[in-house]
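> mind folding the following:
(2 chains)
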Amino acid sequence: MISPETSPPRSSSQSPRSPSAAPFLSISVTDPVKLGNGVQAYISYRVITRTNLPEFQGPEKIVIRRYSDFVWLHDRLAEKYKGIFIPPLPEKSAVEKFRFSAEFIEMRRQALDIFINRIASHPELKQSEDLRTFLQEDEETMERARSQETGIFKKPADLIQIFKDVQTKVSDVVLGKEKPVEETDPDYEKLKHYIFGLEDHLAETQKQAFRLVKRHKELGQSLSDFGKAIKLLGACEGNSLGKVFSELGAKSELLSIKLQKEAHNLLMNFEEPLKDYVRAVQSIKVTFADRANAFRQHCELAETTKLKEINLDKLNLMRSDKVREAEMEYRELKAESEQATRRFETIVRLMNEEIVRFQEQKTADMGLAFHQFAKGQAKLANDIADAWRSVLPKIEACTVSSQHG
Amino acid sequence: MEAVPVAGDRRGILSAVPAALNGGDPLLHPPPAPDSPPLPSSPGALDPDAIFSLFDPSENGGDDGDDGGDAPVSPRGSDAPSRSARSSASEYSRITVSDPQKEQETTSSLVPGSGFYVTYLITTRFVSGSGGGLAEIRVRRRFKDVVALADRLSEAYRGYFVPQRPDKSVVEGQVMHKHEFVEQRRSAIEKYLNRLAAHPVIGTSDELRVFLRMPVNSPSPSTEVASRTSDGVEALSKQVSGETRGRNVAVATQGVVQPAKGRRDFMRMFRELKQSVTNDWGGVKPLVVEEDKEFLEKKGELQDLEQQLTTASKQAEALVKAKQDIGDTMGELGLTFVKLAKFEMENAAYHSQRSRAAEIKHFATAALRTSRFYRESNAQTVKHLDTLHEYLGLMLAVHSAFSDRSTALLTVQTLTSDLSSLHAREEKLEASSLRFGGDKSKIHRIEELKETIRNTEDAKICAIKDYECIKENNKNELERLDRERHEDFLVMLKGFVSNQVIYAEKIANVWANVAEETKGYTSQSK
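Below is the predicted model of the structure:
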């Protein structure tokens, strides 16, 4: 749970309910439960909201949510808060039989918990009405809201936008303007280059991290098999040497278990954060697309407005009776153009803030991931050293006795 | 045992072939392939050549020094198995096989593409005081000579656990890269000769001595022989002729083993051959009745041991591979993070980025160090657990010794049954000559039969002696096997466990440091 300690502290006048306490909003996603049957089976989670903010219905609220509810929230935020890097969601599962494995469920639960808390600690996103809906409404209301948004049937506005985009592309091609209009800001170029490169590097690290998890599991299995074989071999030896073998085998099996544990730790606390990092970078790429769209719209509208203005001037000079109409059209268009420009500029401003947040957040996340990794590996190595060390005196005793005997 | 300095030997045998000597012959010169992915030299990373200085648990990193005879030392950079420094009667301290050379077959061959064979330089170091004043001797031998030696030994030392020689394995053209094949064979011959030398009886045998010391009568200019060998040969032949025989444990039996063979006739040989083919490890046909209960019990125990050794040997290999894999992946992980750190640094526009790049670099360095530790540890684990493979290989020698025994017993039993049928014939003939009167031919036949019976009785006496001798050899070898196995397994276990402890501690240390450096990040989230 992330409490908003990283954001600047609010004045106490904003929380009349408990004027002395700092405002907080903390959420936990817990208790995954499998519901439904067969193909329609799914996992539901308990989402517990604890807060002292006035916008919420009370100090604690518990609702039941499923993965698609989270998707709904994500998509709503992505629509409304262009320019902000929306916290990423864990992926849908591709492999059917993996969907209900304990590991997968736990990974998803953890990722959803992180997701919702990141929203709750983001200065803009935490004020979203959709967030409040998500955290407080009953399941029926949620389901209704969800079924409106997801699926093939999109909102009319979306459809219009899609058509517009297609139209623009077609006209561009027709007019020979194959290359879409793009910003030429060198800093922005650098940022884009950085983000794309970063995704590649991170994907590599995540791949290796996943492999390392697998290796731990394999080594664990191997040690277990080895331990068993050594025990059986010891049975052939008898007496003190046999006991040493038996001890060795037992330690092998013990360490095998520890390795499996560490594999799990690595998966949850090292590989997942790396995956999360990759997702975050992909979310930034979505914002790039939004910005590009906004820029294009701003450019096109500005151009169209310009043309309209020239036309209007022409009509004015000619003292045409179409002037009135033209002027109205011109004013409408100008308003739209200004709006588009504002939208674009908002995105640019937000992005600049977001990038700073992103870098800081990621340094913290990676630092923590490294720490977890190091702690786990150190503990594992110490356990290994301890286990083997305990066998040495028995070997010594056996050696001494055989020298005397 | 001496420690052999090993810088650069980490790549193993490839470095043993001096390129200059063979003029870059593809057969003998290693192909120019990189054997490991190049690692960036990260500051603070361990020097790979410091591997072996970390072996002894009592020392704290440091030297390649001689640990003396009591610590379990595995010879470094070599293929010899990890054995306890057992006091051996052998005069040889170390045998090395090196410098494979191609030589022309002197006789013309019908098979196209052949006409060449490979010889190996065999260097024998002597325990100080023996060897007739020589420090070492070098001879050139080809694989055929090794096979001949093995055949001689298996004939002369029946009942002993004679180490098995390397396979002949006919190699088909392009199946194995020639250099690999020669290298494998060189290594196998080396292991084989050292095993022979380590055997208390065979190590002091004439057959081995001749093999290791006699110069080859070959006009080939590449034959290398120590310059003092001409004197050595004289000394050697004096030794061979008599005085050092006393060192052989079972010298009396050596003489006995021969005569029984000479007395066998062809028919009996064929029958016995047929019989011993049907006698396998588990199912002994009723004709050879082994009555020694103690032996049968021991045999059962060894069967069990062999089974467990097989499994343990297999699992040991799997374990080594798993450790190698985890070390490799840790290394790959480190490399990808090095690249990431570099990328972040190059594109750093924010302070948080720079500090992240630094964290990433520290982490990557730790991962690379850990990867090296895994590799070093594993290199030694391989040697320790090799003892399992060695003893599994020894089971073949045990099989062979036991089959010597059953073959000898078969001979005794065959002769016994021959005798009884001969006696029966004799009785019949004598009875018929009494009844029907003796004529010259019948009397002659009875005389012949009596002669045959006498010969057969002599043969049987020899066969029994032979069998008893082999039984004795079996017994002694079994005792030796138990004793040495106990010692060797202890050495193996101690070496394996100590190694695991040392490296686990090192790895724990690396990560404890990283955990300490990054502990500030825990207070910030979740």
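
> give me the neighbour count for residue 389.
Chain wasn't specified; assuming chain A. For A:R389, the neighbour count with other Cβ atoms under 10 Å in any protein chain shown is 16. For the C-beta atoms, the positions are set from N, CA and C on the backbone; glycine is no exception.

> that's the other chain; I wanted chain B
17.

> against B:D488, how distant is it?
For B:H389, the distance to B:D488 equals 12 Å [Cβ to Cβ, to the nearest Å].

> which residues of chain B fall in strands?
Assigned by DSSP state E, the strands in chain B fall at B:92-104, B:116-126, B:136-142.

> so which of the ones you listed is nearest chain A?
Closest approach to chain A among those is made by strand B:92-104 (23.0 Å; Cβ to the nearest Cβ).

> CA atoms of the closest one as PDB?
Backbone C-alpha positions of strand B:92-104 (Å, rounded to 0.1, in the frame of the first residue of the first chain) are rendered in PDB as follows:
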ATOM      1  CA  TYR B  92      55.500 -43.700 -10.500                       C
ATOM      2  CA  SER B  93      54.400 -40.400  -9.100                       C
ATOM      3  CA  ARG B  94      52.600 -39.100 -12.200                       C
ATOM      4  CA  ILE B  95      52.100 -40.100 -15.800                       C
ATOM      5  CA  THR B  96      51.300 -37.500 -18.500                       C
ATOM      6  CA  VAL B  97      50.200 -38.100 -22.000                       C
ATOM      7  CA  SER B  98      50.700 -35.300 -24.400                       C
ATOM      8  CA  ASP B  99      51.900 -34.000 -27.800                       C
ATOM      9  CA  PRO B 100      49.900 -36.200 -30.200                       C
ATOM     10  CA  GLN B 101      51.800 -36.600 -33.500                       C
ATOM     11  CA  LYS B 102      50.700 -38.000 -36.800                       C
ATOM     12  CA  GLU B 103      52.900 -40.700 -38.200                       C
ATOM     13  CA  GLN B 104      53.000 -42.600 -41.400                       C
END
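
> confidence-wise, which helix or strand of the chain is lowest on average?
No chain was given, so I picked chain A. One helix or strand of chain A scores below all others by mean pLDDT, DSSP states H and E: helix A:156-174, with a mean of 58.

> um, chain B though
Lowest on mean pLDDT, DSSP H and E among the helices and strands of chain B sits helix B:251-263, with a mean of 37.

> low-confidence stretches in chain B?
Applying pLDDT under 70 to chain B picks out residues B:1-89, B:107-115, B:130-132, B:170-177, B:216-290, B:438, B:524-526.

> how about the helices in chain B?
With DSSP state H as the criterion, chain B has helices at B:19-22, B:143-156, B:178-198, B:206-213, B:229-241, B:251-263, B:266-278, B:293-346, B:351-436, B:440-517.

> who wins for proximity to A:I116 among the ones you listed?
helix B:351-436 (24.0 Å; Cβ to Cβ).

> report the angle between the closest one and helix B:293-346.
Angle, helix B:351-436 to helix B:293-346, by axes from the mean of the first three to the mean of the last three Cα atoms, to 10 degrees: 160 degrees.

> what's the angle between helix B:351-436 and helix B:143-156?
50 degrees.

> for A:V47, grab phi and psi.
Phi and psi for A:V47, reported as degrees, to the nearest 10, are phi -110, psi 110.

> contacts only, for it.
Residues counted as contacts of A:V47 (Cβ atoms under 8 Å, 6 or more residues apart in numbering or on different chains) are A:27-29, A:62-65, A:116, A:134-135.

> roughly how far does it sit from A:S28?
7 Å.

> strands along chain A, start to end?
Going by DSSP E, chain A shows strands at A:25-35, A:42-51, A:60-66.

> put the alpha carbons of the second one into PDB.
The C-alpha atoms that make up strand A:42-51 are tabulated as PDB, following Å, rounded to 0.1, in the frame of the first residue of the first chain:
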ATOM      1  CA  TYR A  42     -12.900 -16.200 -13.100                       C
ATOM      2  CA  ILE A  43     -11.100 -14.800 -10.100                       C
ATOM      3  CA  SER A  44     -12.700 -12.200  -7.900                       C
ATOM      4  CA  TYR A  45     -10.700 -10.000  -5.400                       C
ATOM      5  CA  ARG A  46     -11.600  -8.100  -2.300                       C
ATOM      6  CA  VAL A  47     -10.800  -4.400  -2.600                       C
ATOM      7  CA  ILE A  48     -10.500  -2.700   0.700                       C
ATOM      8  CA  THR A  49     -10.300   1.100   0.800                       C
ATOM      9  CA  ARG A  50      -9.200   2.900   3.900                       C
ATOM     10  CA  THR A  51      -9.300   6.700   3.800                       C
END
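
> so which elements touch the lengthiest helix in chain A?
In chain A, taking DSSP H as the definition, the longest helix is helix A:323-389. Using 3 or more Cβ pairs under 8 Å, 6 or more residues apart in numbering or on different chains; DSSP states H and E, the elements in contact with helix A:323-389 are helix A:239-266, helix A:272-318, helix B:351-436, helix B:440-517.

> and it, what's its mean pLDDT?
The average pLDDT within helix A:323-389 is 93.

> what does the stretch 51-200 of chain A put close to chain B?
A:114, A:190-191, A:193-194, A:197-198 (Cβ under 8 Å from any Cβ of the partner chain).

> show the buried residues in the residues you listed.
Neighbour-count burial (16 or more other Cβ atoms under 10 Å in any protein chain shown) applied to those gives A:114, A:191, A:194, A:197-198.

> under the pLDDT cut-off, which ranges of chain A? List them.
Looking along chain A with the criterion set at pLDDT under 70, you get A:1-20, A:94, A:96-98, A:149-180, A:402-405.

> and the stretch 301-450 of chain B, which residues reach chain A?
Taking Cβ under 8 Å from any Cβ as the contact definition, the stretch 301-450 of chain B meets chain A at B:301, B:304-305, B:308-309, B:311-312, B:314-316, B:318-319, B:321-323, B:325-326, B:329-330, B:332-333, B:336-337, B:339-340, B:343-344, B:347, B:349-350, B:352-353, B:355-356, B:359-360, B:362-363, B:366, B:370.

> now those residues: which count as buried?
The neighbour count (16+ other Cβ under 10 Å) marks B:305, B:308-309, B:311-312, B:314-316, B:318-319, B:322-323, B:325-326, B:329-330, B:332-333, B:336-337, B:339-340, B:343-344, B:347, B:352-353, B:355-356, B:359-360, B:362-363, B:366, B:370 as buried among these.
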